[in-house]
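**Q** Kindly generate the corresponding structure for this input.
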Amino acid sequence: LFNGQFDPQGNGMPTTVYFGDYLVGAEPPTIPTSFTVPGGHASISRLRVEHGDFTFRFASSSGTPQGSLTTAAQMVIADIANSTASLTVRDGRLTTNFVTHIASGSNSNGAITVSGLGAEWINSAYVDLGWVGQGTMRVLDGAQAHIGDGIGAGIRDGSSGRIEVAGGGQLRVDGAISLGSGDESTGNTHGSLLLEGSGSLVATANMYVGATGAGNAVVRQGATLRADDLLRIGASVGSCSLVASNGAVVEAREVSVGLNAASRNNTVDLNGTGTLLRVGANLSLGANGSAGHLAVINGARVVVTGDTYLGIGGGSEGTVAIDGANSALLSRNVFVGQDGSTAIATLRNGAQIQVTDSVRVRAGGSLSGNGVIIGNLVNEGGFISPGLSPGLLSVQGSLELWSSSVVHMEIGGSTPDLFDRLMITGNASLAGTLILDFTGGFVPSPGSRFDIISAGGTFSGNFNAFDIRGIDPSLVSVSNAGGSFGVNIVP
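**A** Here you go, the predicted model:
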């Protein structure tokens with residue numbers, strides 16, 4: 001039992017406890033002499049750090065642990081109401097063999113830190129951070145931690161939990177990680193993760209960023225986050241986010257952003273060259289009435305082995321915004337909209353969507369912007385609008401428009417940089433409705449032509465309906481000429 005407010009001997013409770021005979025002189029009288037055998041190995045039943053900040057230092061040699069402490073039962077830190085307590089492990093190994101509670105006292109604040117090369121914490125059971133208080137776990141500066149049965153951060157109403165891994169620290173969890181894992185339905189819990197400085201975290205099961213409460217994860221500065229099963233951002237009523245930047249890598253078998261109707265504010269932001277989200281199966285943004293949003297900017301990339309879904313099910317909302325010439329989403333298929341959902345895909349500044357099959361824009365879905373689709377583009381009943389008033393959307397593949405589809409083209413001037421264009425390298429099959437929107441008060445000259453769709457292959461079909469805006473529709477006709485579909489103004 002460690003409590004800085006309890007000192008029956010009157011000689012001061014030590015804040016640093018040394019394990020290992022080469023530092024015997026620094027050990028306080030309250031530590032039994034049996035702890036001072038060479039190597040400094042100790043076994044106890046239960047460890048409680050009730051109040052105060054304590055450091056355990058173990059004998060080590062060149063970063064190799066030589067000392068250890070093993071508990072047969074629980075370790076608890078800050079388990080009494082209104083307490084503040086922390087434990088730092090340096091140089092050697094702490095082994096705990098039962099559920100560990102950090103901040104299990106009402107309104108308590110508890111932390112465990114494993115710090116330095118050679119420092120290690122092995123826990124064979126579950127760890128909860130913030131049962132009814134605020135709990136923190138840190139793995140820093142080359143230290144390692146191995147948790148055998150999952151981590152919950154922010155358990156009961158009003159609690160919070162935080163995981164920090166930095167400076168090359170390594171955390172492995174053989175089980176699920178739940179940030180904002182409250183066992184109550186109020187959503188008034190919070191869990192957070194900070195991975196930075198080449199730190200790494202591996203979860204062998206699911207990882208939830210917001211299970212029933214709010215959750216957020218930040219991965220940056222070359223850090224790596226890997227979930228061997230599902231990575232779910234926003235399964236709750238709280239606001240949930242994942243931010244990866246500066247060369248960070250996030251990997252999971254499957255990723256879902258937004259999972260139920262109460263989950264409406266869920267975001268994933270990827271920023272910077274070398275920043276990568278890699279998905280082994282499918283990626284979904286907004287499902288079952290939820291909302292999920294993905295932003296990919298400044299050279300970041302998303303690589304999906306399976307399919308990408310934006311909006312799954314009635315009332316769902318899914319969006320992806322990709323910005324920058326080296327920013328990209330790679331997937332087998334990208335489905336934009338489905339079953340009464342709202343879905344928006346936006347490309348800016350030459351960004352790319354690359355598919356091995358096709359991008360399919362369905363009812364309720366829209367695709368717009370200045371960028372490149374590498375693969376086939378199919379409009380099954382959605383909305384396609386090249387440019388961002390105006391611009392060019394290139395398709396390195398074929399274009400197929402269904403009868404229920406809509407294509408919106410803006411014309412704001414006579415030169416190509418002033419009107420929207422679709423550039424197709426393959427065949428173009430036309431159908432559906434074409435909206436021609438003459439904007440900004442532009443009045444085209446009689447006899448002028450605007451080549452709005454070009455195809456390297458052949459054209460087939462035609463639009464079923466035309467919606468002419470901004471000028472008298474009787475002045476407009478359309479035709480195919482020289483591999484281009486154009487808008488003609490009556491001479």
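
**Q** So which bits of stretch 356-375 are buried?
**A** Residues 358-375 are the ones in stretch 356-375 that count as buried (16 or more other CB atoms under 10 Å). Yep, even glycine has a C-beta here, placed from its N, CA and C like the rest.

**Q** Equivalent analysis for stretch 385-401, please.
**A** 385-388, 390-401.

**Q** Return the item of those having minimum pLDDT.
**A** The lowest pLDDT within those belongs to residue 388, which sits at 85.

**Q** Strands of the stretch 301-450 of the chain, residue ranges please.
**A** 301-304, 308-312, 317-323, 328-336, 342-361, 365-379, 383-386, 392-396, 399-401, 406-411, 421-424, 428-430, 433-438, 449-455 (DSSP state E, counting those that start in this stretch).

**Q** Pull out the buried residues from the longest one.
**A** To tie it back to what came earlier, the one meant is strand 342-361. 342-355, 358-361.

**Q** Tell me the bridge partners for residue 190.
**A** residue 160, residue 214 (DSSP bridges).

**Q** Next, work out how far apart it and residue 233 are.
**A** 14 Å (CB to CB, to the nearest Å).

**Q** Give the burial count for residue 230, as a bare number.
**A** Per other CB atoms under 10 Å, the neighbour tally for residue 230 reads 18.

**Q** cool, and residue 465?
**A** Neighbours around residue 465, by other CB under 10 Å: 11.

**Q** Surely it is in contact with residue 434?
**A** Yes - the criterion here is CB atoms under 8 Å, and residue 465 meets it with residue 434 at 7.5 Å.

**Q** residues in contact with the residue nearest to residue 209 when sequence neighbours are not counted?
**A** Nearest residue to residue 209, sequence neighbours excluded (CB to CB, 6 or more residues apart in numbering): residue 215, at 4.1 Å. Residue 215 makes contacts with 153-154, 178-180, 190-192, 208-209, 233-234, 236, 238, 240-241, as judged by CB atoms under 8 Å, 6 or more residues apart in numbering.

**Q** Return the subset of the residues you listed lying in strands.
**A** If you go by DSSP state E, the contacts of residue 215 have 153, 178, 179, 190, 191, 192, 208, 209, 233, 240, 241 in strands.

**Q** Could you give the backbone dihedrals for residue 228?
**A** Per-residue torsions, residue 228: phi -70, psi -10 (degrees, to the nearest 10).

**Q** That one: how many residues sit nearby?
**A** Residue 228: 16 neighbours (other CB under 10 Å).

**Q** Could you measure from it over to residue 242?
**A** Taking CB to CB, one finds residue 228 at 17 Å from residue 242.

**Q** ok, now residue 449?
**A** The value you get for residue 449 to residue 242, if CB to CB is used, is 48 Å.

**Q** give me every residue that touches residue 252.
**A** Neighbours of residue 252 in contact, by CB under 8 Å, 6+ apart: 207, 226, 227, 228, 229, 230, 231, 278, 279, 280.

**Q** actually residue 305, not the one I typed
**A** Taking CB under 8 Å, 6+ apart, one finds 279, 280, 281, 332 in contact with residue 305.

**Q** quick one: which two of these are the most distant?
**A** Farthest-apart pair in the contacts of residue 305 is 280 and 332; separation 12.0 Å (CB to CB).

**Q** Find residues that contact each of those two.
**A** 305, 306.

**Q** wait, residue 406 sits on residue 432?
**A** Yes - in terms of CB under 8 Å, residue 406 counts as a neighbour of residue 432; the distance is 6.0 Å.

**Q** which residues are in contact with both of the two?
**A** In contact with both residue 406 and residue 432: residue 379, using CB under 8 Å, 6+ apart.

**Q** ok, back up a step: which of residue 449 and residue 242 has more neighbours?
**A** residue 242 (27 against 16).

**Q** so what's that one up against?
**A** Residue 242 touches 209, 216, 217, 219, 233, 250, 267, 268, 269, counting by CB under 8 Å, 6+ apart.

**Q** can you do 10 Å?
**A** 193, 207, 209-210, 215-219, 225, 231, 233-234, 250, 255, 257, 266-270, 277, 294 (CB atoms under 10 Å, 6 or more residues apart in numbering).

**Q** rewinding a little: more crowded one of residue 190 and residue 233?
**A** Taking other CB under 10 Å, residue 190 and residue 233 do not tie; residue 233 has more neighbours (28 against 24).
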